[in-house]
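**Student:** fold the following for me, if possible:
(one chain, ligands or ions: 1)
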Amino acid sequence: MTSHFSPEGARSRPLPPPAGLINRVIPGESVSICRVKQLIAAVAVSDAPVLVRGSTGTGKELAAEALHRASGRGGALIAVNCAAIPADLLESELFGHEKGAFTGADRQRIGRIEMAHGGTLFLDEIGDMPLALQAKLLRVLESRRISRVGGTSEIEVDFRLVTATHRNLDAQVAAGGFRCDLYYRINVFPLELPDLRERASDIPLILARMLEDQLARDPALDLPHFDTSALRALAGHSWPGNVRELRNVLARAIVLFPGRIVTARHVRENLLQLAMPDPEGPAGQQPAAAPEAQGLPEPSQFHDMLEGRADLDLRGYLRDIEVALIEAALAKRDGCVSRAADALRLRRTTLIEKMKKFGIMRCSAA
Ligand SMILES: Nc1ncnc2c1ncn2[C@@H]1O[C@H](COP(=O)(O)OP(=O)(O)OP(=O)(O)O)[C@@H](O)[C@H]1O
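**Tutor:** Residues are numbered from 1 along each chain as shown. All right, here's what the predicted structure looks like:
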């Protein structure tokens, strides 16, 4: 029997991992994600199998990475997506094969389970594993030994098992699609990841982490800046695709609004829906400074200002603000419509239309 067994892989790891280690992998401070991180910290140092559940895109693979890093195991994290590999290839992918084991096996191949020796094996979408392979996996978990396809000798393996699924495994077991004995083996420590809409308060931190990662990958990137109204609009979305959907929204923002301020309107019209942005604010123009940086009230301040008020003539108030800002922009630029339009990030024709609508004259500052 070949043995990969070593005191290194089998040592007990009694010290809890530092919280910062897990925080670096999973950003967020909401109650629900903090509970997940506490559970990860508690279980990481043991060898107990963990079953991560959660809707698609909630970060199940990220949770596996956090568990692995916090476990202190010296080996690698080896991930296998059981749904992405055709059923007839999955066995040799997991167990490896000897040369000549089947047609096309022209050389020996080490499988993923062997590669995970001393580390963590992450079996994503375990609910999609064929029943025959489930039986083989159960034997490995019980004996801690594998045989490569076409091989005769046994190889001892020491790995921490983390599995994940977005399926309802209880229902699958009841329907006979998943082995009951394997289910109990892998479900020693269940970890439930919350949907993003249940931890919307984490969106700014997750977004900041994603932006940091983008910048680390490409320091020359001109990143967009999400203002508070944009963050509020993101928090109000239902996020059926969870954090993966948020990642896609950010990817869109990087393309559509490089170096620009992203507002709630952009979020609603261009990022959560796929309309192209207004040509106002053309490419090459410097990003507009945030309203608060220009001494203007930042939109979130209206929350406090409106507290306790019964009603408001919104249309009239917004018109007065628009007129006042247009008149101020024209006055500061000696009545020059083109320069005022640039300053207001409007097309010249749009500004002229507004001036006609509100009866604004080209007055100068003097
Ligand atoms: N908390 C988070 N912070 C930053 N990025 C995250 C977070 N959670 C998930 N992501 C990112 O979202 C994407 C989806 O995450 P992941 O693949 O871990 O989800 P999943 O739950 O395994 O999805 P599926 O069930 O569809 O396989 C990845 O790009 C991942 O890096």
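
**Student:** now the helices for the stretch 101-250 of the chain?
**Tutor:** Per DSSP state H, counting those that start in this stretch, the stretch 101-250 of the chain carries helices over the ranges 112-115, 131-143, 169-174, 180-186, 203-217, 228-235, 242-256.

**Student:** so which of these comes closest to K37?
**Tutor:** helix 203-217 (12.6 Å; C-beta to C-beta). Using the backbone N, CA and C atoms, a C-beta is placed for each residue, glycine as well.

**Student:** in that closest one, what's buried?
**Tutor:** By neighbour count on 16 or more other C-beta atoms under 10 Å, the buried set for helix 203-217 is I203, P204, L205, I206, L207, R209, M210, L211.

**Student:** can you check stretch 154-166 too?
**Tutor:** Result for stretch 154-166 [16+ other C-beta under 10 Å]: buried residues I155, E156, V157, D158, F159, R160, L161, V162, T163, A164, T165, H166.

**Student:** run through the stretch 201-350 of the chain and note the low-pLDDT ranges.
**Tutor:** Counting by pLDDT under 70, the stretch 201-350 of the chain has low-confidence residues at 274-293, 298-300, 304.

**Student:** residues of it that sit close to the ligand?
**Tutor:** Within the stretch 201-350 of the chain, the positions near the ligand by C-beta under 6 Å from any ligand atom are I206, R209, M210, V243, R244, R247.

**Student:** ok, back up a step: out of the buried residues of stretch 154-166, which are close to the ligand?
**Tutor:** Checking the buried residues of stretch 154-166 against the ligand (C-beta under 6 Å from any ligand atom), the matches are H166.

**Student:** what pLDDT does the closest residue to the ligand within the stretch 1-150 of the chain get?
**Tutor:** Nearest residue of the stretch 1-150 of the chain to the ligand: G59, at 2.7 Å (C-beta to the nearest ligand atom). Listed pLDDT for G59 reads 94.

**Student:** quick one, strands of this structure?
**Tutor:** Taking DSSP state E, the strands of the chain run over residues 2-3, 50-53, 77-81, 96-97, 109-110, 120-124, 145-146, 155-156, 160-165, 189-192, 225-226, 261-262.

**Student:** check the offset of stretch 301-318 from the chain's centre.
**Tutor:** Distance, stretch centre to chain centre, for stretch 301-318: 36 Å (C-alpha atoms, centre = their mean, to the nearest Å).

**Student:** okay, now the residue in the stretch 251-366 of the chain that the ligand sits nearest to: neighbour count?
**Tutor:** Nearest residue of the stretch 251-366 of the chain to the ligand: A251, at 10.2 Å (C-beta to the nearest ligand atom). The local packing of A251 (other C-beta atoms under 10 Å) involves 13 other residues.

**Student:** quick revisit: closest one of the buried residues of helix 203-217 to the ligand?
**Tutor:** I206 (4.5 Å).

**Student:** excluding its backbone neighbours, what's nearest the closest one?
**Tutor:** With sequence-adjacent residues excluded and distances taken as C-beta to C-beta, 6 or more residues apart in numbering, I206 is closest to P27, at 5.3 Å.

**Student:** now do D128
**Tutor:** Nearest to D128 is A83, by C-beta to C-beta, 6+ apart, at 4.0 Å.

**Student:** so who does the residue of the stretch 1-150 of the chain closest to the ligand touch?
**Tutor:** Neighbouring residues of G59 by C-beta atoms under 8 Å, 6 or more residues apart in numbering: I26, L193, N242, V243.

**Student:** isn't the second one up against R35?
**Tutor:** Pointing back at L193 there. No: the pair L193 / R35 is not scored as a contact, 10.6 Å apart, by C-beta atoms under 8 Å.

**Student:** counting neighbours, go ahead and name the busier of the two.
**Tutor:** L193 (25 against 13).

**Student:** can you read off the pLDDT for that one?
**Tutor:** pLDDT, L193: 96.

**Student:** got the contact list for it?
**Tutor:** So L193 contacts V36, V52, R53, G54, S55, T58, G59, K60, A63 (C-beta under 8 Å, 6+ apart).

**Student:** just give me the neighbour total for D181.
**Tutor:** With other C-beta under 10 Å as criterion, D181 counts 12.

**Student:** in the stretch 151-300 of the chain, what residue lies closest to the ligand?
**Tutor:** Counting by C-beta to the nearest ligand atom, the stretch 151-300 of the chain gets nearest the ligand through V243, at 3.5 Å.

**Student:** I'd like to know how many residues surround that residue.
**Tutor:** V243: 24 neighbours (other C-beta under 10 Å).

**Student:** and what of I321?
**Tutor:** By other C-beta under 10 Å, 12 other residues sit near I321.

**Student:** Q301 versus that one, what's the distance?
**Tutor:** To Q301, I321 is 13 Å away according to C-beta to C-beta, to the nearest Å.
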